[in-house]
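> Predicted model follows, preceded by the sequence.
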Amino acid sequence: MLRFIGRRCLSMIFVLFGVSLLVFLMVHLIPGDPALMVAGMEASKEQVEKIRDSLGLDRPYHIQYLDYMARALMGDMGRSIHSRKPVAALIREFFPVTFELTTASIAIASLIGIMVGVVSAVRQYSLFDYLSMVGALTGISMPIFWIGLLLMWFFSIYLGWLPTGGWDQTFWSLNGLRHAILPVLTLSGISVAMIARLTRSTMLEVIRQDYITTARAKGVREVYVIYVHALRNALIPVVTYMGLQYGILLGGAVVTEQIFSIPGIGRLVVQAIYDRDYPVIQGCILFIAVIFIIINLVVDLLYGLLDPRIRYE
């Protein structure tokens, strides 16, 4: 186990190096001049050149990249070109909001999706099965921005029960939960549908296995057969999807954050791209890459807990 974790941590170094290089090249290929955007359209050429020199943008690309990586290895991700705040401070400010939103969404999606998928598989071809799969297909087919706008129109504008946007930093307060309900439901909509369909398909495959028939023949209670023997083995593909989806959403639920005006890391990255704020873009994407790698490692380790036959030698 420790050797497996060590190998994964070693591979993480090469992944992060590749991500940093790719992101550096891509942000410098984006049309637009950060120095001109800072100086303003009315600034003279001398003022723009002075700002470009102060930001270090006049140096060769390879020098800029090596300098950035040297500072990043020391924990310094640089400063925002526009706000002049440290990038690490901006991540600490914006990421907790995305973490709360994403964690709540995945938790709700997993609970509802797995329950619906199990019941649909056990009661295959029943009315509940048909209705749940039609609902899941509808959830997958609807764009996330359309789900958000529909929820906003119904619960905020038509009924007037919930706020249309914003985010309360005290997540577990009554006002914080009122602000979180709509974005959490929006973000969990597609995940619920995918988890339900995936759980149903894997459960149908598992409950037809010989060991399930043997357990039933021995008189084991049906609830124990379904939720201990069958579900545990059926969860491996579901856990894989949940881990990938969680990592993607932690990288920034951009559409949801834009719709509901949530100050998350996805919105921070989008604004940095508009502003050509190179240090913020590079720092945020490197941070997201680290989070994604850690989540993938945790998912791989969960396989061994779900299936004792899996060993990491």
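That came through fine. Residues are numbered from 1 along each chain as shown.
> how far is the helix or strand of the chain with the lowest mean pLDDT from where the chain is centred?
Among the helices and strands of the chain, helix 34-39 carries the lowest confidence by mean pLDDT, DSSP states H and E, at a mean of 71. Taking the mean C-alpha point of helix 34-39 and that of its whole chain, the gap between them comes to 31 Å (C-alpha atoms, centre = their mean, to the nearest Å).
> what do you get for stretch 141-160?
The chain centroid and the centroid of stretch 141-160 are separated by 21 Å, computed with C-alpha atoms, centre = their mean.
> do the same with stretch 137-147
Centroid separation between stretch 137-147 and its chain, computed with C-alpha atoms, centre = their mean, is 17 Å.
> which other residues reach that stretch?
Under the contact criterion C-beta atoms under 8 Å, 6 or more residues apart in numbering, stretch 137-147 has outside partners 185-187, 189-190, 192-194, 197, 255-256, 259. Every C-beta, even on glycine, is put in place using the N, C-alpha and C of the backbone.
> cool, stretch 125-136 as well?
Under the criterion C-beta under 8 Å, 6+ apart, residues 116, 119-120, 123, 192-194, 196-197, 200 lie in contact with stretch 125-136.
> Show me the shaky parts of the stretch 151-300 of the chain.
Where the stretch 151-300 of the chain drops to pLDDT under 70, the residues are 251-252.
> Repeat the analysis, applying 80 as the threshold.
Within the stretch 151-300 of the chain, the set of residues satisfying pLDDT under 80 comprises 166, 168-176, 228-229, 247-254, 275, 300.
> mind listing the helices for it?
Per DSSP state H, counting those that start in this stretch, the stretch 151-300 of the chain carries helices over the ranges 174-206, 210-217, 222-224, 231-250, 254-259, 265-275, 278-306.
> As CSV, the ones you listed with distance to residue 5 would be great.
Formatted as CSV, these follow (distance: least, C-beta to C-beta, whole Å):
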stretch, distance to residue 5
helix 174-206, 27
helix 210-217, 31
helix 222-224, 33
helix 231-250, 16
helix 254-259, 31
helix 265-275, 26
helix 278-306, 7
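> Now tabulate those in CSV and tack on mean neighbour count.
Supplementary listing: the helices of the stretch 151-300 of the chain in CSV, determined by neighbours: other C-beta atoms under 10 Å:
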stretch, mean neighbour count
helix 174-206, 21
helix 210-217, 13
helix 222-224, 10
helix 231-250, 19
helix 254-259, 21
helix 265-275, 20
helix 278-306, 19
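> Nearest approach to residue 160 belongs to which of those?
In terms of C-beta to C-beta, the element of those nearest to residue 160 is helix 174-206, at 11.9 Å.
> Contact partners for residue 275?
By C-beta under 8 Å, 6+ apart, the contact list for residue 275 reads 34, 37, 81-82.
> Could you check how far it is from residue 157?
Between residue 275 and residue 157 the computed distance is 32 Å (C-beta to C-beta, to the nearest Å).
> which residue packs closest to residue 155, ignoring adjacent ones?
The shortest distance from residue 155 to any non-neighbouring residue, by C-beta to C-beta, 6 or more residues apart in numbering, is to residue 162 (4.7 Å).
> biggest separation within the contacts of stretch 137-147, which pair?
Farthest-apart pair in the contacts of stretch 137-147 is 197 and 259; separation 24.9 Å (C-beta to C-beta).
> what residues are up against residue 163?
Taking C-beta under 8 Å, 6+ apart as the contact definition, residue 163 lies against 156, 178-179, 182.
> Identify, from the residues you listed, the entry nearest to residue 63.
Nearest to residue 63 among the contacts of residue 163: residue 179, at 45.3 Å, using C-beta to C-beta.
> Do I have it right that that closest one meets residue 169?
No: at 9.8 Å, residue 179 and residue 169 do not qualify as touching, with contact defined as C-beta atoms under 8 Å.
> helix/strand/coil for residue 82?
coil (DSSP: H, G, I helix; E, B strand; the rest coil).
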